[in-house]
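Undergrad: the amino acid sequence is not available; the structure is as follows:
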């Protein structure tokens with residue numbers, strides 16, 4: 001089951017809200033866990049069994065680490081075994097190199113634990129925090145189960161520290177006002193995914209339908225730009241949908257994306273893209289690595305390597321690692337020359353160019369293809385534009401321009417500047433109508449053409 005399916009939107013979600021709010025407050029955590037288990041079962045009984053076992057094993061590991069904390073040897077062994085198991089499971093399902101393990105374990109090829117990249121980070125973070133004494137092991141299996149399985153953050157995060165999630169769990173504010181805000185946020189994400197991302201994916205697939213060695217430069221630019229925007233709207237759309245669902249149940253989940261695409265510098269781009277995941281790698285990988293040495297060369301190498309690991313975590317292939325390493329290198333170079341004066345527009349331009357280069361690696365199925373694609377972008381095939389590129393530009397220029405505008409904070413800032421005057425009152429009155437209209441439009445799109453776009457079920 002996914003958030004953008006009609007089964008989820010029109011049956012599971014409203015029924016879940018009804019069950020949750022008729023349940024006495026002292027039993028609502030159990031209700032949420034049961035609902036999360038039903039959501040998992042929507043993807044198959046095998047997925048539910050996997051998530052139950054995964055949660056139980058990590059819960060037991062945290063308890064044992066807490067119990068033997070005074071004995072660093074025993075607690076270290078337990079931590080190492082738990083981390084090894086979590087990471088091995090992640091590799092088995094996400095890396096094609098480990099497909100042999102699937103056959104050995106008799107795991108069907110079609111089975112995939114949705115959101116494994118995100119709940120693995122959550123589990124690893126919890127184990128590390130308990131071992132280091134930052135938090136105490138959670139004794140309540142319901143609370144820990146929600147940390148791993150809570151369905152509004154299962155597919156796309158955000159990746160939260162257990163202490164942060166526990167505060168949300170203990171201090172949530174559920175009610176009608178929260179449902180109103182949550183539904184608006186959900187529809188916003190729904191529109192991002194169905195209207196923007198799926199339309200952009202159609203442009204991308206049309207652009208890469210030709211041989212890369214015969215591709216015109218304009219076609220290559222249209223393809224990689226549409227991929228970047230599609231990738232952004234898909235990820236941020238699903239994240240907004242999850243945050244909206246959480247809001248309806250009283251959870252104020254933090255935003256995962258803060259308009260990164262047209263940032264004025266690379267550091268802002270990196271800080272605004274999948275915010276909690278980036279912070280997770282900084283907290284649990286970068287900082288421990290940098291403690292090993294103060295040598296400048298080592299620190300630069302470690303910084304770039306962690307960004308390469310972040311890119312690898314996204315794609316689980318060499319292309320993803322190169323994408324991350326390119327981004328990390330760009331941050332290092334920018335930091336070296338950050339004292340130079342640059343116009344904001346100049347920063348937006350080079351940030352966009354670097355993000356496009358990263359997208360070429362992320363989209364490619366091999367390094368050779370990505371380099372050939374970049375070669376086509378600079379006119380290496382000797383073709384600047386052809387009939388296909390002109391046709392695609394004419395057909396998709398409007399959706400491209402609207403998507404580029406929507407990926408910036410300009411519209412949000414315009415609404416904020418409207419203040420409390422007449423314009424704000426008009427917006428307040430029209431908001432429910434706009435939300436309802438967008439919901440109907442997205443439903444029509446889903447019913448007519450089904451779900452398409454970048455497959456996030458493999459993350």
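TA: Perfect, thanks for sending it. Not measured: the values here are computed from a predicted model. Numbers count the residues shown, from 1 in each chain.

Undergrad: which elements pack onto the lengthiest helix in the chain?
TA: Determined from DSSP state H, the single longest helix within the chain is helix 217-248. With contacts defined as 3 or more CB pairs under 8 Å, 6 or more residues apart in numbering; DSSP states H and E, helix 217-248 has these neighbours: helix 176-191, helix 198-207, helix 344-363, helix 367-377, helix 387-406. For every residue, glycine as well, the C-beta is placed using N, CA and C.

Undergrad: so how far is stretch 286-293 off the chain centroid?
TA: Distance of stretch 286-293 from the chain centroid (CA atoms, centre = their mean, to the nearest Å) equals 26 Å.

Undergrad: name the surrounding residues that touch stretch 71-88.
TA: Residues outside stretch 71-88 that contact it (CB atoms under 8 Å, 6 or more residues apart in numbering) are 57-58, 61, 64-65, 68-69, 120, 123-124, 127-128, 131.

Undergrad: out of those residues, list just those in helices.
TA: Those of those mapping onto helices are 57, 58, 61, 64, 65, 120, 123, 124, 127, 128, 131, per DSSP H.

Undergrad: among the residues you listed, which pair sits farthest apart?
TA: Maximum pairwise distance among the ones in helices among the contacts of stretch 71-88 (CB to CB): 19.2 Å, between 64 and 120.

Undergrad: so which of those two has more stuff around it?
TA: residue 120 (23 against 19; other CB atoms under 10 Å).

Undergrad: and the closest residue to the more buried one other than its chain neighbours, how many neighbours?
TA: Nearest residue to residue 120, sequence neighbours excluded (CB to CB, 6 or more residues apart in numbering): residue 90, at 4.7 Å. Residue 90 has 21 neighbours, counted by other CB under 10 Å.

Undergrad: quick check: which element contains residue 113?
TA: Per DSSP states H and E, residue 113 falls between elements, in no helix or strand.

Undergrad: now do residue 84
TA: According to DSSP H and E, residue 84 maps onto helix 72-94.

Undergrad: ok, and for that helix, which residues are buried?
TA: By neighbour count on 16 or more other CB atoms under 10 Å, the buried set for helix 72-94 is 75, 78, 79, 82, 83, 86, 89, 90, 92, 93, 94.

Undergrad: possible to save those as a markdown table with distance to residue 285 and pLDDT?
TA: Shown next, in a markdown table, are the buried residues of helix 72-94 (distance: CB to CB, whole Å; pLDDT from 0 to 100):
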| residue | distance to residue 285 | pLDDT |
| --- | --- | --- |
| 75 | 21 | 92 |
| 78 | 21 | 95 |
| 79 | 16 | 95 |
| 82 | 17 | 96 |
| 83 | 12 | 96 |
| 86 | 15 | 96 |
| 89 | 19 | 92 |
| 90 | 15 | 93 |
| 92 | 21 | 88 |
| 93 | 21 | 89 |
| 94 | 17 | 87 |
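
Undergrad: out of those, which comes closest to residue 17?
TA: residue 93 (31.1 Å).

Undergrad: excluding residues flanking it in the chain, which one is nearest residue 273?
TA: Once flanking residues are discounted, residue 273 sits nearest to residue 260: 4.3 Å by CB to CB, 6+ apart.

Undergrad: my guess is that neighbour meets residue 231, correct?
TA: No - using CB atoms under 8 Å, residue 260 is not in contact with residue 231; the gap is 11.0 Å.

Undergrad: so what's the residue count around residue 387?
TA: Counted with other CB under 10 Å, the neighbours of residue 387 add up to 8.

Undergrad: model confidence for it, exactly?
TA: Predicted confidence (pLDDT) for residue 387: 93.

Undergrad: can you tell me how far it sits from residue 393?
TA: From residue 387 across to residue 393, the span is 11 Å (CB to CB, to the nearest Å).

Undergrad: cool, residue 145 as well?
TA: Distance, residue 145 to residue 393, by CB to CB: 50 Å.

Undergrad: so between these two, which is more surrounded?
TA: Neighbour totals were compared for residue 145 and residue 393, and residue 145 leads with 24 against 16 (other CB under 10 Å).

Undergrad: host element of that one?
TA: Using DSSP H and E, residue 145 sits in helix 141-149.

Undergrad: figure out how far that helix is from the centre of its chain.
TA: Distance, stretch centre to chain centre, for helix 141-149: 20 Å (CA atoms, centre = their mean).

Undergrad: ok, residues contacting that helix?
TA: Here helix 141-149 makes contact (CB under 8 Å, 6+ apart) with 29-30, 32-33, 36-37, 40, 51, 54-56, 58-59, 62, 119, 122-123, 126, 138, 160, 162, 165-166, 169.

Undergrad: residues of that helix that come out buried?
TA: For helix 141-149, using 16+ other CB under 10 Å, the buried residues are 142, 143, 144, 145, 146, 147, 148, 149.

Undergrad: I figured residue 324 hits residue 309, correct?
TA: Yes - between residue 324 and residue 309 a contact is recorded at 6.8 Å, counting by CB under 8 Å.

Undergrad: which residues are in contact with the helix or strand hosting residue 287?
TA: Assigned by DSSP H and E, residue 287 belongs to helix 287-290. Helix 287-290 is contacted from outside by 299, 302, 303, 305, 306, using CB under 8 Å, 6+ apart.

Undergrad: what about residue 40, how many neighbours?
TA: Counted with other CB under 10 Å, residues neighbouring residue 40 total 24.

Undergrad: test my guess that it contacts residue 49.
TA: No - using CB under 8 Å, residue 40 makes no contact with residue 49, being 9.0 Å away.

Undergrad: sketch out the low-pLDDT regions of this structure for me.
TA: Counting by pLDDT under 70, the chain shows low-confidence ranges at 97-106, 338-343, 414-429, 449-459.

Undergrad: domains in it, by residue range?
TA: 6-171, 178-265+342-449 (automatic domain parsing).

Undergrad: might you calculate how far the last one sits from the centre of the chain?
TA: With CA atoms, centre = their mean as the basis, the distance from the averaged C-alpha position of domain 178-265+342-449 to the chain average is 14 Å.

Undergrad: any of the contacts of helix 141-149 buried? List them.
TA: 29, 32-33, 36-37, 40, 51, 54-55, 58-59, 62, 119, 122-123, 126, 138, 160, 162, 165-166, 169.

Undergrad: so who does residue 162 touch?
TA: By CB under 8 Å, 6+ apart, the neighbours of residue 162 are 122, 125, 126, 129, 135, 138, 147.

Undergrad: please name the residues that touch the nearest residue to it once chain neighbours are set aside.
TA: Using CB to CB, 6+ apart and skipping residues adjacent in sequence, the residue nearest residue 162 is residue 126, 4.6 Å away. The neighbours of residue 126, taking CB under 8 Å, 6+ apart as the test, are 58, 62, 135, 144, 147, 161, 162.

Undergrad: switch to 7 Å and redo it
TA: Applying CB atoms under 7 Å, 6 or more residues apart in numbering to residue 126 gives the contacts 58, 62, 147, 162.

Undergrad: now do stretch 380-398: everything it contacts.
TA: Applying CB under 7 Å, 6+ apart, the contact partners of stretch 380-398 are 203, 206, 207, 210, 213, 214, 215, 216, 217, 218, 219, 222.
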